[in-house]
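*Asks:* Sequence plus predicted model, see below.
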Amino acid sequence: MIERIQENTMGTLGSVPTGMSGMGAASYVVSDGSTIRGMSCVLSPRGHDNVVVGLGSMVEVSGGQWEVIGTEKTNGEPGFVTLQLRSRAADIADVAPSSELDFHYSTACPQCGARGGWTGEIEKELDEPVLRMHCLSCGNEFVWYSGVLAPMLKSNPPEFMPGRLSLEERQVILEEEVSKYLRKGFRVVSNTESTAKLTLRKKFSFTWAAGGFLFLGIGLLVYLIWWRFSEDRIVYLRVAPEGGISPTATRFDFSE
């Protein structure tokens, strides 16, 4: 989110009314804590103390961290200051991150490096769509721009699905489930990131055949007929968006 405030007017930082005045050369503090001198102004967010800022300053307003990314001043004309929201404190009491975020769209948190999930909000920065993200580790909220996702966000915004896992996580769950069937003799016919089709070929039992032969040969004939028309077992696995394995759908196939 980016806000631009004109000198001697009232703008906003998010939802907080913020006045700006007094543009001119002065000393101010930048994000690393050092003090430099340059074009500055006074910001007056409602409910907060006035603060002198300039290019590179960070301002905390209602839990949000705003960075000054631009100052403009021409003699005889009102100036402007531009700020960008770098992070926003999440209301942890109202959010259950594991179930209220969509991790199909996830990226690393710029503050701590942990994984962040989509909150369902789509915003705009520099006229480009960005996703609002929430970090599971530190609670930081930030925006994420992806050049790959941008065309889709503009033309066909995705559906928000709280609790949805990333494709990578669903693939791990599927692989673990498939391995159980492989140990039982199944083989994989086809698969995607979240689905798999497996088959178990019918087997000829010489023990049953021999037993049927000893039973006047009739048992052998019955067994051979049963085996000829018995069916291969087909199993379909699907990992649901939230990570659960859907009930295994089983059918039989006469093909060999």
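*Replies:* On my side now, so go ahead.
*Asks:* buried set for the helix ranked longest in the chain?
*Replies:* With DSSP state H setting the assignment, residue counts place helix 167-182 as the longest helix in the chain. The neighbour-count check on helix 167-182 (16 or more other Cβ atoms under 10 Å) flags 167, 169-171, 173-174, 177-178, 181 as buried. Placement of C-beta: from N, CA and C, glycine included.
*Asks:* Rebuild those as CSV, extending it with pLDDT and distance to residue 65.
*Replies:* What follows is the buried residues of helix 167-182, written out as CSV (pLDDT from 0 to 100; distance: Cβ to Cβ, whole Å):
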residue, pLDDT, distance to residue 65
167, 84, 31
169, 86, 30
170, 88, 33
171, 87, 35
173, 89, 36
174, 90, 39
177, 89, 43
178, 90, 45
181, 88, 49
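*Asks:* Spell out which strands sit alongside the helix or strand hosting residue 81 in the sheet and which way each one runs.
*Replies:* Per DSSP states H and E, residue 81 falls inside strand 80-89. Sheet pairing of strand 80-89 (DSSP bridges) gives strand 2-6 (antiparallel), strand 64-72 (antiparallel), strand 140-144 (antiparallel).
*Asks:* Check what contacts that strand and list those residues.
*Replies:* 1-7, 13-14, 20, 23, 41, 43, 53, 58-59, 63-73, 110-111, 125, 139-143 (Cβ atoms under 8 Å, 6 or more residues apart in numbering).
*Asks:* Give me the buried subset of these.
*Replies:* Here, 16+ other Cβ under 10 Å leaves 1-3, 5, 7, 13-14, 20, 23, 41, 43, 53, 58-59, 64-68, 71, 73, 111, 139-143 buried among the contacts of strand 80-89.
*Asks:* about what we covered before: out of the buried residues of helix 167-182, which comes closest to residue 198?
*Replies:* Residue 198 lies nearest to residue 181 out of these, by Cβ to Cβ, at 5.2 Å.
*Asks:* Tell me who's in contact with that closest one.
*Replies:* Going by Cβ under 8 Å, 6+ apart, residue 181 touches 198, 235, 237.
*Asks:* ok, 10 Å please
*Replies:* Neighbouring residues of residue 181 by Cβ atoms under 10 Å, 6 or more residues apart in numbering: 187-188, 196, 198-200, 235, 237, 248.
*Asks:* Take those residues and lay them out in a markdown table including neighbour count.
*Replies:* Formatted as a markdown table, these follow (neighbours: other Cβ atoms under 10 Å):
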| residue | neighbour count |
| --- | --- |
| 187 | 10 |
| 188 | 13 |
| 196 | 21 |
| 198 | 22 |
| 199 | 16 |
| 200 | 15 |
| 235 | 18 |
| 237 | 22 |
| 248 | 12 |
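*Asks:* Return the member of those nearest to residue 47.
*Replies:* Among the contacts of residue 181, and counting by Cβ to Cβ, the member closest to residue 47 is residue 237, at 54.5 Å.
*Asks:* Wait, that closest one touches residue 182, no?
*Replies:* No: proximity of residue 237 to residue 182 does not meet the contact threshold set by Cβ atoms under 10 Å, at 11.7 Å.
*Asks:* Mutual contacts of the two, please.
*Replies:* Counting by Cβ under 10 Å, 6+ apart, the common neighbours of residue 237 and residue 182 are 188, 198.
*Asks:* Helices of the stretch 51-200 of the chain, start to end?
*Replies:* 97-100, 150-155, 167-182 (DSSP state H, counting those that start in this stretch).
*Asks:* which other residues reach the second one?
*Replies:* Contacting residues not belonging to helix 150-155 are listed as 105, 122, 124, 128-131, 145-146, 158 [Cβ under 10 Å, 6+ apart].
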